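[1] fold the following and give me the result.
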Amino acid sequence: MRAVVVEKDRPASLREVDEAFVGLADGVADGQVAVDVHWSSLNYKDGMALAGDPGVARVSPLVPGIDLVGVVSASGSSDFAVGDLVVANGAGLGETRHGGFADRALVEAGSLVAVPDGIDARRAAAIGTAGFTAMLSVLRLERDVRPGDGEIVVTGAAGGVGSVAVAVLSRLGYSVTASTGRVDERGAHLRSLGASSVVDRSELAEPGRPVQRSRWAGGIDSVGSTTLASVLAQTSWGGTVTACGLAQGSDLPTTVLPFILRAVTLAGVNSVDAPPALRREAWGRLATDLDLDLLDSMTTETTLDEVVALGPEIVAGRVAGRTVVRVRP
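    Residues are numbered from 1 along each chain as shown. Next comes the predicted model:
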């Protein structure tokens, strides 16, 4: 079988490995599922893993790929039968255990979701962890902020999480401002996804006062650092901002003032450890609330043979939207 493998002090490469390498030599144990992988996707974390970043690639050797979509070939769980089309996102895949950049994978049943009716395998991969994370962010945001309450800002809007968040929020009736560093290049596309306005990320990326003029009823942030601090500073009373990424940095240079003066809520979103029920809820909502034609418009395709070379591109911010990886020729 083929697999992309990264090891400490060695560059990632596509290799031939045996099934024992991914833990499939002795079949599946209770609670485990063997999957014939057909699709994966390329995420920011995957780019870091392909570079051998120890903050993501935490074991060596490792098959990267935090997403996989495929068909069950053997099951140790009553929840899944041979032949089921399934998707897995996060849950340590491509970080602490072998992930989706291989022909086959051994996955914990609690990490899997049956792909909902109406979504095919390629589109499930296009949604991937980015789309799953975007929907988790929307689920959290809509608990506190409703359409009509005011403008929602989405940072990193040209990326995977941001693009899906813009598309879903606009379909749900929210007015969305998309923030991106590629206004000239991606502005028209973001408007086609439903953004009512597009602003340059420089408006939010520079340090400012901890409380500023109110602009947003809420926000979805995948950038972190001073960008997230600025969003919080500009959020109206009682607003909620979700945080799921750190593209600008892991620091948060703010004070308690947005929280104690405006009752702003900062809500963390973690897709890696989401429990099974929440995974099913998010995928069920993706099936109804994401326009799949818009998803197609933001999706490009690559192959397992080419994905290693794309790793540095996504880390450098030169990959827009979603990139699916065709695992099997």
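[2] and the helix or strand hosting residue 137, what's buried?
    In this structure, residue 137 is located in helix 121-141 according to DSSP states H and E. Buried positions in helix 121-141, judged by neighbour count with 16 or more other Cβ atoms under 10 Å: 121-138, 140-141. (Glycine included, C-beta is placed from N, CA and C.)
[3] how does this protein divide into domains?
    Domain assignment for the chain by the TED database gives 2-115+299-326, 129-268.
[4] so the closest residue to residue 265 other than its chain neighbours is in which element?
    Leaving aside its sequence neighbours, residue 265 sits nearest to residue 240 (Cβ to Cβ, 6 or more residues apart in numbering; 4.3 Å). For residue 240, the host element (DSSP H and E) is strand 235-243.
[5] partner strands of that strand and their direction?
    Here strand 235-243 has these sheet partners by DSSP bridges: strand 216-221 (parallel), strand 265-268 (parallel).
[6] most packed of those strands?
    Comparing the strands paired with strand 235-243 by mean neighbour count (mean count of other Cβ atoms under 10 Å), strand 216-221 comes out on top with a mean of 29.
[7] buried residues in the very next helix or strand once past that one, which are they?
    Using DSSP H and E, the helix or strand that directly follows strand 216-221 along the chain is helix 225-233. By neighbour count on 16+ other Cβ under 10 Å, the buried set for helix 225-233 is 225, 226, 227, 228, 229, 230, 231, 232, 233.
[8] now pLDDT too, for these, in CSV please.
    Formatted as CSV, the buried residues of helix 225-233 follow (pLDDT from 0 to 100):
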residue, pLDDT
225, 98
226, 98
227, 99
228, 99
229, 99
230, 99
231, 99
232, 99
233, 99
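[9] which pair in the residues you listed spans the largest distance?
    Greatest spacing in the buried residues of helix 225-233, by Cβ to Cβ: 225 and 233 (13.1 Å).
[10] point to the helix or strand of the protein where mean pLDDT is at its lowest.
    The helix or strand of the chain with the poorest confidence is strand 10-16; it has a mean of 92 (mean pLDDT, DSSP states H and E).
[11] give me the contacts around it.
    Residues outside strand 10-16 that contact it (Cβ atoms under 8 Å, 6 or more residues apart in numbering) are 1-6, 49-52, 64, 304-305, 308, 311.
[12] redo that, cut-off 10 Å
    With Cβ atoms under 10 Å, 6 or more residues apart in numbering as the test, strand 10-16 has contacts from 1-7, 21, 46, 49-52, 57, 60-64, 101-102, 303-309, 311.
[13] which of those residues count as buried?
    2-6, 21, 46, 49-52, 57, 61-64, 101-102, 304, 307-308, 311.
[14] nearest spatial neighbour of the residue positioned nearest the centre of the chain, chain-adjacent residues omitted?
    Note on the chain: the residue nearest the mean C-alpha position is residue 130, at 1.8 Å, using Cα atoms, centre = their mean. Spatial nearest neighbour of residue 130, excluding adjacent residues (Cβ to Cβ, 6+ apart): residue 160 at 3.0 Å.
[15] distance check, that neighbour against residue 146.
    26 Å (Cβ to Cβ, to the nearest Å).
[16] same check on residue 218?
    Distance, residue 218 to residue 146, using Cβ to Cβ: 10 Å.
[17] overlap in contacts of these two?
    Common contact partners of residue 218 and residue 146 (Cβ under 10 Å, 6+ apart): residue 174.
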